[in-house]
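S.K.: Show me how the following folds:
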Amino acid sequence: MIPLPGVDNKIGLDMPNANSLNDFEDLDAKGSPLSASARDGIWLLDDDVSMLKALGRLMNSAGFIAEKFSDPLTFLARLEHAACRVAILDVWMPQMNGLEVQARLRRDSPETRIIFMTGRDDPSVRQTAVDAGAFAFLRKPFEDEVLVKVVHKAIED
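M.R.: Model prediction:
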């Protein structure tokens, strides 16, 4: 147990010996609470900050770690430094719409699963998104459980 300053040291943290790579590999193989989530690479993009916060809380409560973006260009620039496994995209945003972001993801990160969400369900937009490889297309408001199930499926496939 490692004593923590300013914390009730009766609780402490059990951690593998930092000098032993095998301990970390064993911890990862057992599925430490953060290892699976950290690999999920779930990114959220919505220009509505309140929706973005709600989505972030939902993903956290479902056991995922999600990166949140309110700007499509910042979202796309992040691809240079990290992998996006699942992208949850709003369709209608002022600077760049979700279909344009999808096109860039197809080019720069073809393995990314894309889940769209929209408050204005336009059948032609839905069809365009699906034809371009969208994994799912949800109309707002949707049930939290539906999005969580779709994310789990996207990660498993």
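S.K.: So what sits opposite the residue nearest the centre of the chain in the bridge?
M.R.: Central residue of the chain (C-alpha atoms, centre = their mean): Ile42, 1.4 Å from the mean position. Here Ile42 sits in beta bridges with Ala66, Val86, going by DSSP bridges.
S.K.: Tell me how far it lies from Val86.
M.R.: Distance, Ile42 to Val86, using C-beta to C-beta, to the nearest Å: 5 Å. Where you see a C-beta, it was placed from the backbone N, CA and C, and this is true even at glycine.
S.K.: and for the two, which residues touch both?
M.R.: Residues touching both Ile42 and Val86 by C-beta atoms under 8 Å, 6 or more residues apart in numbering: Val151.
S.K.: If you count neighbours, what's buried in stretch 99-111?
M.R.: By 16 or more other C-beta atoms under 10 Å, the buried positions in stretch 99-111 come out as 99, 101-102, 105, 109.
S.K.: Can you tell me which of those end up in helices?
M.R.: Among the buried residues of stretch 99-111, DSSP state H puts 99, 101-102, 105 in helices.
S.K.: Helices of this structure, start to end?
M.R.: 21-30, 33-40, 49-61, 72-78, 98-108, 123-131, 144-156.
S.K.: By mean pLDDT, show me the worst of the ones you listed.
M.R.: Out of these, helix 21-30 stands lowest, with a mean of 35 (criterion: mean pLDDT).
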